[in-house]
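Chemist: Please work out how this folds:
(one chain, ligands or ions: 1)
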Amino acid sequence: MEMNSPVGANALDVGADGIVGKPMDRVDGRLKVTGGARYAYEMRQGPSMLYGFVVEASIGKGKIRSIDTRAAEKAPGVVLVLTHRNAPEQGTGNHREAHPVLTGPQVTRYGEPVAFVVADSFEQARAAAYLVDVKYDPSSGKYALRTNLDQARVPHQRDGAVADSTVGDFASAFADAPVQIDETYTTPLQSHAMMEPHATLAMWDGDKLVLHTANQMLNQGQKVIATTLKIPVENVRLVSPFIGGGFGGKLWVNADAILAAIASRQLQRPVKTALTRQQIFHVTTHRSDTIQRIRLGTDRDGRILAIGHDVFSGNLPTEQTYEAAALQTRTLYAGPNRLTRHRLVPLDIPVASSMRAPGEAVGLLALECAMDELAEKLNLDPIELRMRNEPSEDPEKHIPYSSRHLIACLQEGARRFGWDKRNAKPGQVRDGRWLVGMGMAVATRGNPLQLSKANVRLDSDGTATVRMAMTDIGTGTYTILAQIAAEMLGLPTERIRVEIGDTIFPQAAGSGGSFGAGSSGSALFEACHVLREKLARTAGMDPKTARFANGSIASEEQSRKLTDLVGTGMDADGEIQPGSNNKNFSQQSYGAHFAEVGVDVDTGEVRLRRMLGVFTAGRVLNAKTARSQAIGGMVFGVGAALHEDVTLDPRFGYYVNHDLAEYHVPVHADIPTIDAIFLAELDNESNPLKSKGIGELGICGAGASIANAIYNACGARIRDYPITLDKLLAKLPVQA
Ligand code: MOS
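Modeler: So this is what the prediction gives:
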């Protein structure tokens, strides 16, 4: 079905058993904790399997002058050393289209693979990798965003969103506004830091390639690999039943997959490889750093007259992806005069791509901090400022919101958090050596829908099997799909088998952009709907009124066991496609974050004390996995506010802190009391489930609530993330 009209009352509302929405434990939980869930690097393929290890370029830009592989080739166990001299010609394109490797002597970025050593064991391959002797002719590169802003260009259109948008006359409205904020915020380079490293086992059967690989969007990955290897897409099979986190770092295809595939084809043996943690930082993608200027002009009552957001981010010269940090500024608040612009600076560092909530995650770090600064200037409560700028329709597209209950989130959050106890004047609350403050910020994230298909089959033993090329990156996909099928077919969840993570199954959206659950779940909903009709017809009942429960189908007059109707098995296909609803309605999930922090009065050490997120995202499919997703996003936001920072050496284009000892993400000691709740909402325009995306909502705005709490605690406004104690120290109030 195509989403062209509102969804009426359906089987999830009428006669539902309440399975969808329940806080059910993960159906794959036991497999995960017992080691039964096999990840890409744990896959094996017989005794002939070989291991590969990547050799990275050790300069930022230049050319390979010579590459001597003789010592490596003679090393124990080595069977192949791939370099640009013996690698095949490959298809090209940006990182969403192709991922060619070892294409020539030129080096475009630090860490670009220059060789791939294949041996009988991983240890032999790794040892031999250090024997590959590469000599370079370095040339000067452009590495740092802030020193190359003069190179900025307008990026090409991306995903239907244009780089610039204008409504009214921003310049004069801002100039004439009685109250103004004009501030610049920066966010650093960030790395996804998922637990599972990128890994692939490649094998060929004739001209058909099978890759066991950690990948979020299998059907997209299939296309990228086919384009790169110049083979038909149907000759590529991706298998990825379990993925140890992705956050966008496994959205596309990385060098591990292509190198393993090429080596395996040359050797006619299975080849397995994994990137080390250090390699992940340079060989795969990251989130660009940003420089963001926010301008807000209001009347004396705080009504926005002009809102402007300018964003700079960087990427390789051959890439178009930019950090779309002004996206939410186009839709979040009312105001007649608006200007948003994205500029892309070509840089000679690894490919910048999506990381959890690309755009909003860092855009809200700036916008929601600026709103806090504006509230103070107006002497208004920050929540009241948001209420005064609540739009009645999308302020740029002039279309209605599909559903929007931001004010309810703000009010419920304020009530639960005790916002009325906040002292608006900074630096007033002390708890021993801690200066204590509260902050809030708004969460919002777009709700896209992607083409997805599903097949559901009911067998004579009373079990149903769901099949689709969907992935579960730790989010709970297996569980929500089991819940949807169980609800629709009137079966207990134990009777549902979910088979995903394989491109032999019907095409699915994959896990990305917060579209996974809504898209795949809707395709399954449609498939179950078709199966219900088939079953009803077989039973001679009216599909509209037949009720499915306890493994039976029932009408007013009779009840039949499903197992008596399916014969040797009965199956059905379903499909969901985005339609005009995505153009006629502005679709976002919403929320409000509240944070309380302590700032050490002498050292500037920041400690989160408690945090609450209140969200609305349409129908919640599983209260437990949804809450976990939201909390995970909020923790990610804590990292963005306080910890995460890839440090670039601007001389060599090298990431200095390329491991988890030096690239800090929050640990348990950083996260005290934290909670997330979802308010009831159904979105009739989003999809048949009436759900909206939650995977990225939790991070959106979370960090800004912490920045605002820090300001409230100690009066220091830090606009350069992360807010580390060195930045706070000089701004702390002097103690008597
Ligand atoms: Mo997401 S950044 O689309 O995995």
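Chemist: Could you use CA atoms for every contact and neighbour count after this?
Modeler: Fine.
Chemist: quick one: which helix or strand includes Ala626?
Modeler: Here Ala626 sits within helix 623-642, counting by DSSP states H and E.
Chemist: Val311 too?
Modeler: Secondary structure from DSSP H and E places Val311 in strand 304-315.
Chemist: for stretch 143-160, which positions count as buried?
Modeler: Residues of stretch 143-160 classed as buried: Tyr143, Ala144, Leu145, Leu149, Ala152, Pro155 (neighbour count, 16 or more other Cα atoms under 10 Å).
Chemist: distance of the nearest residue to the fifth one once chain neighbours are set aside from Ala161?
Modeler: Here the nearest residue to Ala152 in space, its sequence neighbours aside, is Val345; by Cα to Cα, 6 or more residues apart in numbering that works out to 4.3 Å. Taking Cα to Cα, to the nearest Å as the measure, Val345 and Ala161 are separated by 18 Å.
Chemist: same thing with Thr186?
Modeler: 22 Å.
Chemist: higher neighbour count, the two?
Modeler: Thr186 (22 against 11; other Cα atoms under 10 Å).
Chemist: Quick one: residues contacting that one.
Modeler: Thr186 is in contact with Asp289, Thr290, Ile291, Gln292, Ala366, Arg719, Asp720, Tyr721, counting by Cα atoms under 8 Å, 6 or more residues apart in numbering.
Chemist: While we're on the second one, how confident is the model there?
Modeler: Put plainly, it is Thr290. Note on Thr290: pLDDT of 98.
Chemist: What mean pLDDT does the strand holding Val311 get?
Modeler: 98.
Chemist: Could you list every helix and strand in contact with that strand?
Modeler: helix 170-176, strand 290-298, strand 337-346 (3 or more Cα pairs under 8 Å, 6 or more residues apart in numbering; DSSP states H and E).
Chemist: related to what we said a few turns ago, put together JSON lines for the buried residues of stretch 143-160, with pLDDT, distance to Gln507 and secondary structure on each row.
Modeler: As requested, the buried residues of stretch 143-160 are exported to JSON lines (pLDDT from 0 to 100; distance: Cα to Cα, whole Å; DSSP: H, G, I helix; E, B strand; the rest coil):
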{"residue": "Tyr143", "pLDDT": "98", "distance to Gln507": "39", "secondary structure": "coil"}
{"residue": "Ala144", "pLDDT": "98", "distance to Gln507": "40", "secondary structure": "coil"}
{"residue": "Leu145", "pLDDT": "98", "distance to Gln507": "38", "secondary structure": "coil"}
{"residue": "Leu149", "pLDDT": "98", "distance to Gln507": "41", "secondary structure": "helix"}
{"residue": "Ala152", "pLDDT": "97", "distance to Gln507": "38", "secondary structure": "coil"}
{"residue": "Pro155", "pLDDT": "91", "distance to Gln507": "30", "secondary structure": "coil"}
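Chemist: Would you mind giving the domain segments of the protein?
Modeler: Under automatic domain parsing, the residue ranges defining each domain of the chain are 2-37+452-578, 359-448+584-729.
Chemist: winner for burial among the ones you listed?
Modeler: Neighbour counts (mean count of other Cα atoms under 10 Å) averaged over each of these peak at domain 359-448+584-729, with a mean of 22.
Chemist: Can you measure across that one, start residue to end residue?
Modeler: Note: domain 359-448+584-729 ends 30 Å apart using Cα to Cα.
Chemist: anything in that domain sitting right up against the ligand?
Modeler: No: on the criterion Cα under 6 Å from any ligand atom, domain 359-448+584-729 is out of touch with the ligand, staying 7.6 Å away.
Chemist: Residues of the stretch 201-350 of the chain that sit close to the ligand?
Modeler: Phe247, Gly248, Leu251.
Chemist: what ranges do the helices span in the stretch 201-350 of the chain?
Modeler: Under the criterion DSSP state H, counting those that start in this stretch, helices of the stretch 201-350 of the chain are mapped to 218-229, 255-267, 277-283.
Chemist: Would you convert those into a markdown table that also reports mean neighbour count and mean pLDDT?
Modeler: What follows is the helices of the stretch 201-350 of the chain, written out as a markdown table (neighbours: other Cα atoms under 10 Å; pLDDT from 0 to 100):
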| stretch | mean neighbour count | mean pLDDT |
| --- | --- | --- |
| helix 218-229 | 24 | 98 |
| helix 255-267 | 23 | 98 |
| helix 277-283 | 21 | 98 |
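Chemist: right, so of those helices, which gets closest to Lys453?
Modeler: Proximity to Lys453 (Cα to Cα) singles out helix 218-229 among the helices of the stretch 201-350 of the chain, at 11.5 Å.
Chemist: Let me know the angle separating that closest one from helix 255-267.
Modeler: 50 degrees (axes from the mean of the first three to the mean of the last three Cα atoms, to 10 degrees).
Chemist: Not counting sequence-adjacent ones, nearest residue to whichever residue of the stretch 151-300 of the chain sits closest to the ligand?
Modeler: Using Cα to the nearest ligand atom, the closest approach of the stretch 151-300 of the chain to the ligand is made by Gly248 at 3.1 Å. Nearest non-adjacent residue to Gly248, counting by Cα to Cα, 6+ apart: Met355, 4.6 Å away.
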